[in-house]
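Q: Need a 3D model of the sequence below.
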Amino acid sequence: MEQYKLTLTAEERHALDRMVSSGKAAARKLLHARILLLGDEGPSGLHCTDEEIAATLKVGLSTIVRVRRRFVTESLESALHPRPRPPRPDKVTIRGEVERHLIRLAWSDPPAGRCCRTWGLLADRLVARGRFPEVSRETVRQAPKRTTSRHCSNDTGSTRSCRPRLVKHLGRHGPA
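A: Numbers count the residues shown, from 1 in each chain. Below you'll find the predicted structure:
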């Protein structure tokens, strides 16, 4: 791994010491401050090796290298504040006409050469028919579970599940 020499100025060291001693910051920010203080190679620094820092603070070596690198290449602030994780892509939900199409497709005969349909085959079929630009098999698998029938209600005292179900293993035994 590439080594980044970490040298704190006196005011940076003082600010980090004050932050760590007060303990009034986010846990990850305090951890990064401790990594910087222990890894300081300046005249007043402790200069511990990465392995010693990892053992002392119980963190991985990659975390230490990442904090060092961000301090050297960017700034003290960027080394203290972790980067925000990228947002999750919007989940595709299968509703309405597409859902009805999926259920019809699941009950139809499987493609030639197959004895049954799989979640992946159904997802590929939805994409091939232009219903979605891209859809995962997990999204297709969860679609029937989110569906509830409008004909059932809790007012009738019914305790059975009102969720329509695809064939237990996607048509392995065919429609009843």
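
Q: looking only at pLDDT, what's the mean for stretch 113-125?
A: On average, the pLDDT along stretch 113-125 is 85.

Q: meant to ask about stretch 35-47, not that
A: 84.

Q: Could you shift the numbering so residue one becomes 54, and keep it that way?
A: Noted, 54 is the first residue going forward, which turns the last one into stretch 88-100.

Q: for that stretch, how far is the first residue from the last?
A: End-to-end distance for stretch 88-100, by Cα to Cα, to the nearest Å: 10 Å.

Q: what's the answer for stretch 160-170, then?
A: 9 Å.

Q: which SS state does the residue sitting furthest away from the middle of the chain fall under?
A: Within the chain, the residue lying farthest from the chain centre (Cα atoms, centre = their mean) is Pro96, at 41.5 Å. At Pro96 the chain is in coil, as set by DSSP: H, G, I helix; E, B strand; the rest coil.

Q: Pretty sure Ile147 sits against Leu155.
A: Yes. Between Ile147 and Leu155 there is a contact under Cβ atoms under 8 Å: 6.0 Å. Every residue, glycine included, has its C-beta placed from N, CA and C.

Q: list residues touching both of those two?
A: 193, 196 (Cβ atoms under 8 Å, 6 or more residues apart in numbering).

Q: give me the element the residue nearest to Leu90 when sequence neighbours are not counted is part of.
A: Nearest residue to Leu90 in three dimensions, chain neighbours excluded: Leu69, at 5.3 Å (Cβ to Cβ, 6 or more residues apart in numbering). Taking DSSP states H and E as the definition, Leu69 sits inside helix 63-75.

Q: for that helix, packing partners?
A: helix 80-92 (3 or more Cβ pairs under 8 Å, 6 or more residues apart in numbering; DSSP states H and E).

Q: Thanks again, I'm all set now.
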